[in-house]
Each structure stands twice: as structure tokens, then as C-alpha cells.
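Visitor: Provided below are the primary sequence and the corresponding predicted coordinates.
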Amino acid sequence: MSTEKIIVGDDRSGIRIDRYLSEIDGMPSRSYLQKLVRNGEVTVNGQKIKANYQVLSGDEIDLTIPEPVELTAQPEDIPLDILYEDSDIIVINKPKGMVVHPGAGHASGTLVNGLLYHCKGDLSGINGVLRPGIVHRIDMNTTGVLVVCKTDTAHQFIAEQLKVHSITRRYEAIVHGIVKNDGTIEGAIGRKPNDRIKMAIVSKGGKPAVTHYHVIEQLKGYSHISCELETGRTHQIRVHMSSLNHPILGDNLYGPTKCPFVLEGQTLHARVLGFIHPSTREYMEFEAPLPAYFSELLEKLRS
């Protein structure tokens, strides 16, 4: 089993403990965390707590996660929005709320489960049995285009492009406030000191991160922007836009904890992905249209 000690940051008071923990990168699902709380595997300041406990600034949370049962991803007949497919790669438009690969609390219903069924197991094995074919990820509540590799050779070729930052990755987002001008954000990203739940721009120990942003449209109290990544750090766009005081709408981790709209997480969409094909060596670019909820929200904010 593994144990975690977490100190609650000043700006996270009043949030239910299961939600607070679920927002930490790498944590199990919220339903699994609720089970751990019920089983007494979560203590606060040395005391067992109820499932509806709301964290306070400075709380010391101790979390014990039992040794995981050996998982093997199983094929599941899950509808996939396929943008392109050949013998080397498959390009998917991932919907909101879908986890990319199985893990604690997400043993089924993931993109990998659907891919195993669709591809009949023909996926690269470099990342192991739980992440076959997965060369890069997007957050559960981020939508949009993602490439998956069917062979190890294709996987290595795409991974090298990711490593040298030669892949085109363009996102669209709705952010709080009026963004007046285009710009570039450069700020190394690492774990926020004393708050494991968040990433942040840090002066020491972070990885270089560069985001270029462009104003598509100014709305009533919000802005519709596009962001092009030079690097691909965890929560990069979310952290960088928050650093400008323009957090992404619906992102209650880096922005306001209360949202005026009914949303499932941040309004962030991976719109364009471009790379050199592993076999043809030609540049290919794929675009995922904005999801309905995003387009409908834009219409509301224009009126």
C-alpha cells in the first residue's frame, strides 16, 4: 500500500474532502476516494472523518491507498469519434468526461477499453497493458483530438516529436475576463510548494513551459481564445492563463470555486493536432470541431 500526506492550501477551504483529493493529479476517482473515507483510510489531523467533511486551510490529510489489484484493460464496445485511421495510428476526438486509460477507480469505460475493442488489440505495447497505444493524454474533462499508436515503431516516432516539441497542438478555451491582446506566457511549471493538488509557475524545480495565446472573440465578461503549445506540461494552459488572472471558465482548481454555469470541468478543447506521419513522413493535421456544450455556451455569452 502507499501513503500520502497532504497539507491543504489557504485557498481550498470549504471543499468536500473527496472532491479536494480527486483534483490532485494522479489520485484515484472521486467515488473510489469516497470508499477510502468510509473505510477509514483517510484521516485529517490524525482523526477519522465523515464523507461530507469540508477541508480547512492547514489541515494535514493522511491517505492510505491499498495495493492495487492487478488490472488488465478489457475490450469494451464503446462508441468512438474517429477522425482518421490507418495501420499505424488512429486519431480520436475524445468526449468530455472520458478517462484516457484505466487506473484506480477507472477500471472500465475508458478510451483504452474502447480502442482495444475497435482495434482488436492491435495497439503499441510500450506503455504497458493499461496504456496500450497511448503516447500522450488530455485531461478527463478536456475534449478534443488525440493520436493513438498501433505499433511500437509508430509510438517511438510520435513520442520523439513530442519530446522535441515539434508537434502542433492548438487548443480553444473560454476564460474569465476580457483578454485585450495576443501574447506569450513563459513560466516553468512544477508542483506548487505546500499544495500538492496544484501545479504552478515556480522559480525552482519546474520544467520550461511556453504558451502562445490569441484572442478569437471578446464576450460579455469572458474571452474566447486559442492557445498553441510549445511544450506540454501538466495543466499548462490552465496554470498559464490563471497566472494572467484569466482562468479558464469552469476550472475550479485554478479559478473561482463557484461557476455561474452548469459545466463538467474546464471549457478547454484540443482543436488541432499536427505531426509527421510515422510511415509516410508527411505532415498531417487533424481538427476536432467544438463540442456542442462549448458552442452553446459561446452563444449564451454573446447575447
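Guide: Everything's here; your move.

Visitor: what helix or strand is residue 233 on?
Guide: Per DSSP states H and E: residue 233 is located in neither a helix nor a strand.

Visitor: ok, it to residue 239 distance?
Guide: Applying CB to CB, to the nearest Å, the value for residue 233 to residue 239 is 8 Å. Every C-beta, even on glycine, is put in place using the N, C-alpha and C of the backbone.

Visitor: now do the helices in this structure.
Guide: All helices of the chain, identified by DSSP state H, fall at 17-22, 30-38, 111-119, 152-163, 236-243, 292-302.

Visitor: and the fourth one, what's buried?
Guide: To tie it back to what came earlier, the one meant is helix 152-163. 154-155, 157-158, 161-162 (16 or more other CB atoms under 10 Å).

Visitor: domains for the protein, by residue range?
Guide: Listed by automatic domain parsing, the domain ranges of the chain are 2-65, 70-164, 169-269+295-302.

Visitor: closest to residue 288 out of these?
Guide: Minimum separation from residue 288 across the domains of the chain (CB to CB) falls at domain 70-164, 4.1 Å.

Visitor: give me the mean pLDDT for that closest one.
Guide: The average of the pLDDT scores along domain 70-164 is 89.

Visitor: ok, stretch 183-200 next?
Guide: According to the model, stretch 183-200 has a mean pLDDT of 88.

Visitor: and for that stretch, what are the contacting residues?
Guide: Contacts to stretch 183-200, defined as CB atoms under 8 Å, 6 or more residues apart in numbering, come from residues 4, 6-9, 12, 20, 23-25, 201-213, 233-236, 238-241, 243-244, 253-254.

Visitor: among those, which ones are in strands?
Guide: In strands, judged by DSSP state E, the following of those are found: 4, 6-7, 201, 210-213.

Visitor: which one of the helices of the chain lies nearest to residue 286?
Guide: Closest among these, once you apply CB to CB, is helix 152-163, at 12.9 Å.

Visitor: other SSEs contacting the closest one?
Guide: strand 143-149, strand 268-276 (3 or more CB pairs under 8 Å, 6 or more residues apart in numbering; DSSP states H and E).

Visitor: tell me the most buried of those?
Guide: Burial of the helices and strands packed on helix 152-163 is given as mean neighbour count (mean count of other CB atoms under 10 Å); strand 143-149 ranks first at a mean of 26.

Visitor: quick one: that one to helix 111-119, angle?
Guide: Using axes from the mean of the first three to the mean of the last three CA atoms, to 10 degrees, the inter-axis angle of strand 143-149 relative to helix 111-119 is 60 degrees.
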